[in-house]
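Peer 1: Sequence plus predicted model, see below.
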Amino acid sequence: MSEPSAITSRAVLDLLAAALGRAVEEPGPGAVADTAREGEVAATVTREELGAAVGTVLGTGARHVMLVAFGGAAGDATGERAAAPGAPGAAATAAAATPLAIEEVLAVPAGPLVRLRVQIPLDDPTYPSLTQQVEAAVWDEREVHDLHGIVPAGHPNLRPLLIHNPPPPAAPFKPFVAHGDGVYQLPVGPIHAGVIEPGHFRFSAVGESVLYLDARLGYTHRGIERFVEGRTFADALPIVERSCGVCTVTHATVYSRAVERLTGTAIPPRARMGRVLLAEMERLYNHVGDMGNICAGVGFNFGTSRLAWHKEQLLRLNEALTGHRYLTGVVAPGGLRLDLDERGLAGLGAAVTEIEHEVRSVVRLLVRSDRFMNRLHGTGILTRAEALRLGAVGVGARASGIADDLRRDRPADGYADIEVAQVGAAAGDVAARFHVRAQEASASAALIAELAASLPDGVVRVSLGNNPAAGTVALAGAEGPRGASWLWLMAGADGRIERLHLRSASFANWPVVASVVPGNIVPDFPLINKSFELCYACTDR
Amino acid sequence: MPLDLIRRLTLPFRNPVATSRYPESAPLIQFATHGIPEIDPALCQNDGACVAACPTGAIKWTDGRVESIDAGKCIFCSACVAACPHDAMSMTPLVELAARTRDGLVRPTEGPALGPSPGVEILLADPSAVEHVRVRVESKLGRSLHVRHLDAGSCNGCDWEIAALLNPYHDVQRLGIDFVASPRHADLLLVTGVMTPNLAEAARRTYEAMPEPRLVVAVGACAIDGGVFAGAPGSGNGVGGAFPVDVFVAGCPPRPEAIIEGMLMALEKRG
């Protein structure tokens, strides 16, 4: 459980005032009721003050959460915002014509989330890049450049990320490669040999050893954030939820929590615990499936088959519970859209316990196999310092000695009422991530069995509270199978979406994977990749 | 470690053969399974509540009545069932939803009761369908049906269901179907996703790398015409615009059994 706030919102504002030498107040409009704003503080700073303000907040031990740009619909220079005038919601957004701005969001440990807002003039859309200060913001700044035409001045790598063929004058994408005697390039993708998502990986290798890896993603960019602008909170749900088809509970939950914060809605007890149950079901099937994929990365077919079978069993339980094998369409603003099926719930605890028992026996066999563990030990090492510097989240961070877990650090819904076991490892290699995943899978199964037997009765959904004032912002996070996903939501008029930004756990971890691979051999890349188990779809959106 | 050894030796007895007999047997469904929704004409008051509730416009409303339900657009969310004030709508457990044409996915609400799609009926007519399929595959191709998967901008849901075809339960290799690493070795392309502009070039080159004749199966609502992303800035609204599609498999995502059915229908089409 989180400690009582060591640093209050007031203290953060005071620190900022001292650093900037002026009074700092929160930006309007529409401050929400105090309860909804709990744990969140915002301040407006100028472009020149941004570096100092971020430095001050980082001084409290804060981590980067996201960088989001919004407003200025009429004036953005490149990318889909300018290119898609006919898209639904375009008219509503253009009419609102909020000034162009960015917000850097940082999380103070045992303290509030800090939103630093900077207004960006349309005739000079630039601000000093944060990447030198906050390396985790490197891809965020590329995205802001792609989609809003805002230039982070001094950014070391401003190549296109999501818009692959930007209209001129933007420079086309060029891969980063290493040069030298005996260095060759190995291009892989975007269409891969296996049944996986598209991404392009450019290895610079000497013999088998990787010198440098340049990962190019964005292939599945559908423009979801732009697409939901101007829609009602209810209409956007099926779209946001499908940012990624295998962490739908996480994405529906962060979205629903943000909407609930905006509207001041408290969800009923059955929905609070039901969301925990669904989130743990999602974690369990993902972790079991991924341990199987790690076996595939090693070429150990026994483990691949066994764990694929147990994952199939878990998907059936998902279906028995919700009607959907990937739990889609259940979590919604106000609680749960559908009640959990009583017949599915009845046998759930026993079934999950039995499957967990079998999975544990497979894992026991795997860790006793020297041939298997030899490939895992010492492969793809992510040091604690590197993980902190690059902003790793989820299993990747926990296997490198960082105890981050939003379920414990910022508990929401039912997580506020239960204790989540702390799981971790220090080695930071594939073996450590495998161990963390195995332990988390067992912990999730125990939690599911407990919750299935003790789910409170009653309704699962309440209607939303009053529509927030236009321009009100809410932030919400959730710990999914791949780590912490965050959603930033700005309300427009009449309960519609002005701007939505989803920074998924995979988005945070992709630059980490790319930096971990050099020093390993090329055939270990699939193994390292699978040990982090990242989605492409919710990175690209 | 005698206990461990005993566990290993008894593994096959504790876990008997799990593999599905589909298409000989029906697809495995659960109590809560959401298949295609159905309207009971006796209860329907034609008030249009379901039409308004549908997030993807799958329910067609003509001349003041519900004309048809488009399985290709349906995302099986059951919003229509919840919206109907007369309890006229229900989610059926019907998940085998493949069709040879786009129009074949549109299911009229009137006329004879809707059973399984024709592909399944053909297969079920044969008492040993699994053997039948293998013989068909071999007689047509002289070897396995080689399949290449192409993600053209999906959410990963359809891709995981395609990956599930290779697990010990669905195990498509028992049908003489196998996945290959290169499009140059493939007879059939399983395409998922909306076809994003960023992937258009790679998708085209994948298709062109396949030897003739090529079969294409569009898997899932996004590949059929964009699904929930129809009209999004980075959505090509389905793969139909990029290359000719032989079979459409409806679902969000389609069940593994439905994908198998779609591949078998494509094979029959090649005839």
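Peer 2: Now that the structure is in, tell me what you want to look at.
Peer 1: who in the stretch 1-150 of chain B is up against chain A?
Peer 2: Counting by Cβ under 8 Å from any Cβ of the partner chain, the stretch 1-150 of chain B comes close to chain A at B:4, B:7-8, B:18, B:28-34, B:55-56, B:75-78, B:82, B:91, B:149-150. Where you see a C-beta, it was placed from the backbone N, CA and C, and this is true even at glycine.
Peer 1: biggest helix in the chain by residues?
Peer 2: Going with chain A. The residue-count maximum for a helix in chain A (DSSP state H) belongs to helix A:269-298.
Peer 1: try again with chain B
Peer 2: When secondary structure is assigned using DSSP H, the longest helix within chain B turns out to be helix B:256-270.
Peer 1: helices and strands around that one, which ones?
Peer 2: Helices and strands in packing contact with helix B:256-270 are listed as strand B:98-99, helix B:118-124, helix B:129-141, strand B:145-151, helix B:157-164, strand B:188-192, strand B:215-219, strand B:247-249; criterion 3 or more Cβ pairs under 8 Å, 6 or more residues apart in numbering or on different chains; DSSP states H and E.
Peer 1: what does stretch A:276-287 rub up against?
Peer 2: Contacts of stretch A:276-287 with the rest of the structure, by Cβ atoms under 8 Å, 6 or more residues apart in numbering or on different chains, involve A:246-250, A:253, A:311, A:314-315, A:317-318, A:321-322, A:327, A:330-331, A:340, A:352, A:356, A:413-415, A:418, A:437-438, A:440-441, A:444-445, A:447-448, A:451-452, A:455, A:478-482, A:533.
Peer 1: Now which of these would you call buried?
Peer 2: Those of these that meet the buried threshold are A:246-250, A:253, A:311, A:314-315, A:317-318, A:321-322, A:327, A:330-331, A:340, A:352, A:356, A:413-415, A:437-438, A:440-441, A:444-445, A:447-448, A:451-452, A:455, A:478-482, A:533, by 16 or more other Cβ atoms under 10 Å in any protein chain shown.
Peer 1: picking up where we left off before, kindly format the C-alpha coordinates of the longest helix of chain B as CSV.
Peer 2: Taking Å, rounded to 0.1, in the frame of the first residue of the first chain, the C-alpha atoms of helix B:256-270 are listed here in CSV:
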residue,chain,number,x,y,z
PRO,B,256,-10.2,-20.1,-34.1
GLU,B,257,-12.8,-22.5,-35.4
ALA,B,258,-14.2,-19.7,-37.6
ILE,B,259,-10.8,-19.0,-39.1
ILE,B,260,-10.4,-22.7,-39.9
GLU,B,261,-13.8,-22.7,-41.5
GLY,B,262,-12.7,-19.7,-43.6
MET,B,263,-9.5,-21.4,-44.8
LEU,B,264,-11.4,-24.5,-45.7
MET,B,265,-14.0,-22.5,-47.7
ALA,B,266,-11.2,-20.7,-49.6
LEU,B,267,-9.9,-24.1,-50.5
GLU,B,268,-13.3,-25.3,-51.7
LYS,B,269,-13.5,-22.1,-53.8
ARG,B,270,-10.3,-22.9,-55.5
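Peer 1: That helix relative to helix B:157-164, how many degrees between them?
Peer 2: 80 degrees (axes from the mean of the first three to the mean of the last three Cα atoms, to 10 degrees).
Peer 1: for residue A:202, helix, strand, or coil?
Peer 2: Taking DSSP: H, G, I helix; E, B strand; the rest coil as the rule, one finds residue A:202 in the strand state.
Peer 1: roughly how far apart are it and residue A:441?
Peer 2: Between residue A:202 and residue A:441 the distance, using Cβ to Cβ, to the nearest Å, works out to 34 Å.
Peer 1: for residue A:192, same thing?
Peer 2: Distance of residue A:192 to residue A:441, given as Cβ to Cβ: 26 Å.
Peer 1: Find the nearest non-adjacent residue to the residue in the stretch 101-250 of chain B positioned nearest to chain A, please.
Peer 2: For the stretch 101-250 of chain B and chain A, the shortest gap (Cβ to the nearest Cβ) falls at residue B:157, measuring 2.5 Å. By the measure of Cβ to Cβ, 6 or more residues apart in numbering or on different chains, the closest residue to residue B:157 outside its immediate chain neighbours is residue A:245, 2.5 Å from it.
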